[in-house]
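Asker: just need the structure, nothing else, for what follows:
(one chain, ligands or ions: 2)
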Amino acid sequence: MTTNSITILMDNRAEPPFQAEHGFSLWIEYDGCHILFDTGQTNGFMENAARLGIDVTQADYIILSHGHYDHTGGLPHVLPLAKQAVVVCHPGVFVDRYSIREGETKYIGMPPESRRMLRELDEKRLRFVTMPTALSAKIFLTGYVPRKTDYEDTGGPFYLTPDGASPDPLDDDLTLWLSTDRGIILLAGCSHAGIINQCYFVRKQEKSEKFRILVGGYHLMNADEKRLNQTINALRELAPEQVVACHCTGEEATTRLQHELGAMMALGAVGRRFLI
Ligand SMILES: [Fe+2]
Ligand SMILES: [Fe+2]
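Answerer: Ligands and ions are numbered 1, 2, ... in the order given. Coordinates of the predicted model:
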């Protein structure tokens, strides 16, 4: 039976019997669609899903929020089994990308096996999205999210080349949103476009001021004081009923958001389910 809901299948936070990893994955049932939003970095999201009684092979859509390994690495485990799923992503997911921390360069783009499978996928099952796109009458993807705020950035030392010469703008970062009677539900992977930019853009598309739930990684672990303060102020103004902090939000930033925003803030973890 389909229950309109959002379930966290993979997150940095989990309690037994679920497993955690630095990765993110959501299962969404809404408007007659089954959607897998990101695949974590291993098959862990599938093992968590099985424990939750969720059959991810029934996905109508597999959305890749962006090309980082911790969102695309699990793809080879599900794609051969989810035979009717259409993969939806920005064409920029394929580019090589790196992080450089304390002089150490790490490849953090889509793993080769995920890339190979996507390249070999029947073209009818691969849909590229660069601008606002409807997946159903109530389910939408942003495509590229314009960067408007002056206090948000991609959130990390991200580059397109291993020498760090070319910063990665993460233009492929997509946001999913659901239109509901009680307001907008916004689902983010890593919020490399900036969670406030994402909210402003979705609000403009939806022509509605009312946010119901935000769920995602907000990538605030490297945020400076200005960004944290401005983000908190903007969230107060946007006034969603609930903001669920997952994945790459960062422990310190999450504690700060909880302190400042009180009951609006909730912690994400594998297995948490939000009814729509
Ligand atoms: Fe991530
Ligand atoms: Fe990311």
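Asker: when you work out contacts or count neighbours from here on, use the C-alpha atoms and nothing else.
Answerer: Will do.
Asker: now do the contacts for residue 148.
Answerer: residue 197 (Cα atoms under 8 Å, 6 or more residues apart in numbering).
Asker: again, but for residue 10
Answerer: By Cα under 8 Å, 6+ apart, the residues touching residue 10 are 19-21, 23-26, 39-40, 44-45, 48, 269-270.
Asker: now do 10 Å
Answerer: 18-27, 38-49, 71, 246-247, 268-271 (Cα atoms under 10 Å, 6 or more residues apart in numbering).
Asker: partner residues bridging it?
Answerer: Beta bridges link residue 10 to residue 25 when assigned by DSSP bridges.
Asker: equivalent analysis for residue 34, please.
Answerer: Under the criterion used (DSSP bridges), residue 34 bridges to residue 29.
Asker: so it makes contact with residue 2?
Answerer: Yes. With contact defined as Cα atoms under 10 Å, residue 34 reaches residue 2; the gap is 8.7 Å.
Asker: more neighbours, the two?
Answerer: residue 34 (22 against 10; other Cα atoms under 10 Å).
Asker: any idea how far the more buried one lies from residue 57?
Answerer: In this view, residue 34 and residue 57 are 10 Å apart by Cα to Cα, to the nearest Å.
Asker: again, but for residue 17
Answerer: Counting by Cα to Cα, the gap from residue 17 to residue 57 is 21 Å.
Asker: more neighbours, these two?
Answerer: Using other Cα under 10 Å, the more surrounded residue of residue 17 and residue 57 is residue 57, with 17 against 10.
Asker: quick check: phi and psi on the nearest residue to residue 169 once chain neighbours are set aside?
Answerer: Closest residue to residue 169 apart from its sequence neighbours, by Cα to Cα, 6 or more residues apart in numbering: residue 154 at 6.7 Å. Per-residue torsions, residue 154: phi -70, psi -20 (degrees, to the nearest 10).
Asker: now do residue 154, the pLDDT please.
Answerer: As summarised for this prediction, residue 154 has a pLDDT of 97.
Asker: cool, residue 106 as well?
Answerer: Per-residue pLDDT puts residue 106 at 98.
Asker: for the helix or strand that contains it, buried residues please.
Answerer: Using DSSP states H and E, residue 106 sits within strand 104-107. By 16 or more other Cα atoms under 10 Å, the buried positions in strand 104-107 come out as 105, 107.
Asker: and what of stretch 197-214?
Answerer: Under the neighbour-count criterion of 16+ other Cα under 10 Å, stretch 197-214 has 197-203, 206, 209-214 buried.
Asker: stretch 180-197 too?
Answerer: For stretch 180-197, a neighbour-count test (16+ other Cα under 10 Å) marks 180, 183-197 as buried.
Asker: state the distance from residue 210 to residue 26.
Answerer: 22 Å.
Asker: so where's this protein uncertain?
Answerer: 1 (pLDDT under 70).
Asker: show me where it has helices.
Answerer: Secondary structure of the chain (DSSP state H): helices at 44-51, 69-72, 75-78, 112-120, 195-206, 225-238, 251-261.
Asker: what's the most buried one of these?
Answerer: helix 69-72 (a mean of 26; mean count of other Cα atoms under 10 Å).
Asker: next one: that one to chain centre, how far?
Answerer: 10 Å (Cα atoms, centre = their mean, to the nearest Å).
Asker: please name every helix or strand in contact with it.
Answerer: strand 25-30, helix 112-120 (3 or more Cα pairs under 10 Å, 6 or more residues apart in numbering; DSSP states H and E).
Asker: what would the ones you listed look like in TSV with distance to residue 138?
Answerer: Formatted as TSV, those follow (distance: least, Cα to Cα, whole Å):
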stretch	distance to residue 138
strand 25-30	8
helix 112-120	27
